[in-house]
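**Student:** Here is a sequence with its predicted model. Questions after.
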Amino acid sequence: MSQTRRHFTPDQKAQIVRRHLTGKEPISDLADEFGLQPSQIHNWVKLVLDQAAKAFQHGPGRPPRVEQVKDKKIEHLQAKLVQKNEVIAELMEEHVKLKKEHGEP
């Protein structure tokens, strides 16, 4: 009897590997349950472990953290506030000067 090849989705493969790694289920039991050769599950586990370092890499496309975005916004708003305070101070000086010129108290 010939058997047809079975194809497992990446999610199914991940579930099988996860059950072995976190659930401590023996590979032989998983192989029997899913009709696989134990070597195939060993290959998947090896692939996952070899790729584990990529999960901790910080690539250039990494989105900024929420705190960083908030800090930048705070800095921007503080700079705007300083600028507005300077403009208000200049206007007040000019106002006081004009009042003195016109003899107003």
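**Tutor:** Noted; the coordinates are in hand. Numbers count the residues shown, from 1 in each chain.
**Student:** Figure out how far the helix or strand harbouring I16 is from the centre of its chain.
**Tutor:** Assessed by DSSP states H and E, I16 sits inside helix 10-23. Here the centre of helix 10-23 is set off from its chain's centre by 23 Å, with C-alpha atoms, centre = their mean, to the nearest Å.
**Student:** cool, stretch 82-89 as well?
**Tutor:** Averaging C-alpha positions (C-alpha atoms, centre = their mean) puts stretch 82-89 38 Å from its chain's average.
**Student:** Give me the domain ranges for this protein.
**Tutor:** 8-53, 64-105 (automatic domain parsing).
**Student:** In JSON lines: those, plus mean pLDDT and mean neighbour count.
**Tutor:** Just so you know, the C-beta spots here come from the backbone N, C-alpha and C atoms, and that holds for glycine as well. Shown next, in JSON lines, are these (pLDDT from 0 to 100; neighbours: other C-beta atoms under 10 Å):
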{"stretch": "domain 8-53", "mean pLDDT": "92", "mean neighbour count": "13"}
{"stretch": "domain 64-105", "mean pLDDT": "90", "mean neighbour count": "10"}
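**Student:** give me every residue that touches R19.
**Tutor:** Residues near R19 by C-beta atoms under 8 Å, 6 or more residues apart in numbering: E25, L30.
**Student:** try the one 5 residues further on
**Tutor:** With contact taken as C-beta under 8 Å, 6+ apart, K24 is in contact with no other residue.
**Student:** Next one: it from L30, what distance?
**Tutor:** Per C-beta to C-beta, to the nearest Å, K24 is found 11 Å from L30.
**Student:** Can you tell me the element D32 falls in?
**Tutor:** Short version, using DSSP H and E: D32 is in helix 27-34.
**Student:** oh sorry, the question was meant for A79
**Tutor:** helix 66-101.
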